[in-house]
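Peer 1: Next come a sequence and a model predicted from it.
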Amino acid sequence: MSRPGRHRSGSLRAVIALVPVLLALGCSGPEPGPPDPGFSAASSTSADRATASPGNPDADLPESVTRTGPYHPVGPATFTDDPDYYDDGCRFLAVATTPPAPGTCHYGVSGGTLVAIVGDSKIGQWMPALQRIAAVENWELLFYSRSSCAFATEGVTDSCASFAGKVFARLRDQDRPRLVFVSHIARSDPVVASETDQLTQLHKSAGTRAVVVEDTIQPGRESVPACLAAASDYWLDCAVRKNDGSGTPGLRQVAAAVPDARLISMNDIICPTATQCPAVLNRIALYRAGSHLTRTFVDAVAPILHQRLIDAEVASGPVLR
């Protein structure tokens, strides 16, 4: 059965309700505050990109970069600020060999245009935004993501090859979706070749268009939330080295090789600065576990992602507000 998913607006009321829980848990760090909804695709200027870095603390940073004061999610809540599928029995860990049973782990509009979600948790992190977009676009999302598993049968573990191969067969023979969204952290040549082959076969046999989402920035530190809890200046203390994300080079190759594929990136929104990337934007903490984005941040930038899908001619709008 499909479900639209709960939409956490990040409202002040919801944040205030969270404060007693955090205090009871004894969390450190600033109390949470409401996010500034002012994310935009033009959130930084060329001057910002040229000058802003922790090594130059007096540089003018984009206004979206939060350096001190309240932000959210904060403390233990950061680590559980995750997508619906974590709580729905649809989070398949690295030992899984079989995708969900037909008719399960569907989101969005029941009976709508079929759109598949494949790859690892780096595509799964975008589900809060994709669920909101699905409601506008009349999409039924088929969630076939698995932890640590690209949409490939070569260059991956045996369990991943089994899982991805079964997903491919179901998409080709049964689901035949209009679109398939894919992202992951893997980047090896065998993964790129296998994924390219499977997506190309889907395009030829079912007319499925691939939407390849670039991997997001790798923070390169053990825990960004832990850093923020101890920081006096979130930019100076917790900014991370700018990078394209581990899987992005391979994903770009896939997008270039698969017929009619579209490549989507959100990294300029995640990192609107030159050489380092912030940990907090518009009073929203970006990272929960490892390189995974918080649900609150993904919700906040959902309209930008939607506009980029419209621009890529894989969505029709109207754009989320």
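Peer 2: Sure thing, it's come through. Small disclaimer: the values here were computed from a predicted structure and weren't measured.
Peer 1: Now do Val180 against Gly245, distance only.
Peer 2: Distance from Val180 to Gly245, counting by CB to CB, to the nearest Å: 20 Å. In short, each C-beta sits where N, CA and C put it, glycine included.
Peer 1: cool, and Gly220?
Peer 2: For Gly220, the distance to Gly245 - CB to CB - is 11 Å.
Peer 1: Who has more neighbours out of Val180 and Gly245?
Peer 2: Between Val180 and Gly245, Val180 has the larger neighbour count (other CB atoms under 10 Å), namely 30 against 21.
Peer 1: so Ser121 touches His292, yeah?
Peer 2: Yes. Here Ser121 reaches His292: they are 6.3 Å apart, a contact under CB atoms under 8 Å.
Peer 1: who has more neighbours, these two?
Peer 2: Between Ser121 and His292, counted using other CB under 10 Å, the more crowded position is Ser121 (26 against 20).
Peer 1: Spatially nearest residue to the more buried one, not counting backbone neighbours?
Peer 2: Ser147 (5.4 Å; CB to CB, 6 or more residues apart in numbering).
Peer 1: The one you found - that's part of a strand, no?
Peer 2: No. Applying DSSP: H, G, I helix; E, B strand; the rest coil, one finds Ser147 to be coil, outside a strand.
Peer 1: Go ahead and confirm it touches Val95.
Peer 2: No. Counting by CB under 8 Å, Ser147 does not reach Val95; the two are 9.1 Å apart.
Peer 1: give the contact list for the residue nearest to Ser121.
Peer 2: Contact analysis of Ser147 by CB atoms under 8 Å, 6 or more residues apart in numbering lists Arg91, Phe92, Leu93, Ala94, Ala96, Asp120, Ser121.
Peer 1: low-scoring stretches of the stretch 51-200 of the chain, by residue?
Peer 2: Within the stretch 51-200 of the chain, the stretches with pLDDT under 70 are 51-59.
Peer 1: ranges for the helices of it?
Peer 2: Along the stretch 51-200 of the chain, counting by DSSP state H, counting those that start in this stretch, helices occupy 76-79, 121-124, 127-137, 158-170, 189-206.
Peer 1: Around Tyr85, how many other residues sit close by?
Peer 2: Residues contacting Tyr85 under the criterion other CB under 10 Å number 23.
Peer 1: make that Gly207, sorry
Peer 2: Close neighbours of Gly207, defined as other CB under 10 Å, add up to 11.
Peer 1: pLDDT value on it, please?
Peer 2: pLDDT recorded at Gly207 is 98.
Peer 1: quick one: contacts for it?
Peer 2: By CB under 8 Å, 6+ apart, Gly207 lies in contact with Arg176, Arg178.
Peer 1: That one and Leu114: what is the separation?
Peer 2: Counting by CB to CB, the separation of Gly207 from Leu114 is 12 Å.
Peer 1: Buried ones in stretch 149-159, by neighbour count?
Peer 2: Buried residues in stretch 149-159, counted by 16 or more other CB atoms under 10 Å: Cys149, Ala150, Phe151, Ala152, Thr153, Glu154, Gly155, Val156, Ser159.
Peer 1: isn't the third one right up against Val167?
Peer 2: The one in question is Phe151. Yes. Between Phe151 and Val167 there is a contact at 7.2 Å, judged by CB under 8 Å.
Peer 1: what sits in contact with each of the two?
Peer 2: Counting by CB under 8 Å, 6+ apart, the common neighbours of Phe151 and Val167 are Val118.
Peer 1: How about the contacts made by the nearest residue to Thr104 once chain neighbours are set aside?
Peer 2: In space, and not counting its chain neighbours, Thr104 is closest to Cys90: 7.4 Å by CB to CB, 6+ apart. Cys90 makes contact with Pro100, Thr104, Cys105, Phe143 under the criterion CB under 8 Å, 6+ apart.
Peer 1: Thought Glu140 was touching Ser110, still the case?
Peer 2: Yes. With contact defined as CB under 8 Å, Ser110 and Glu140 form a contacting pair (6.1 Å).
Peer 1: ok, the two, which is more surrounded?
Peer 2: Glu140 (19 against 11).
Peer 1: Run through the strands of the stretch 1-150 of the chain in chain order.
Peer 2: Under the criterion DSSP state E, counting those that start in this stretch, the stretch 1-150 of the chain contains strands at 106-108, 113-119, 139-145.
Peer 1: For Val213, see how far away the residue lying closest to Asp215 once chain neighbours are set aside is.
Peer 2: Distances taken as CB to CB, 6+ apart place Gly245 nearest to Asp215, at 3.1 Å, with adjacent residues excluded. The gap separating Gly245 from Val213 is 10 Å, by CB to CB.
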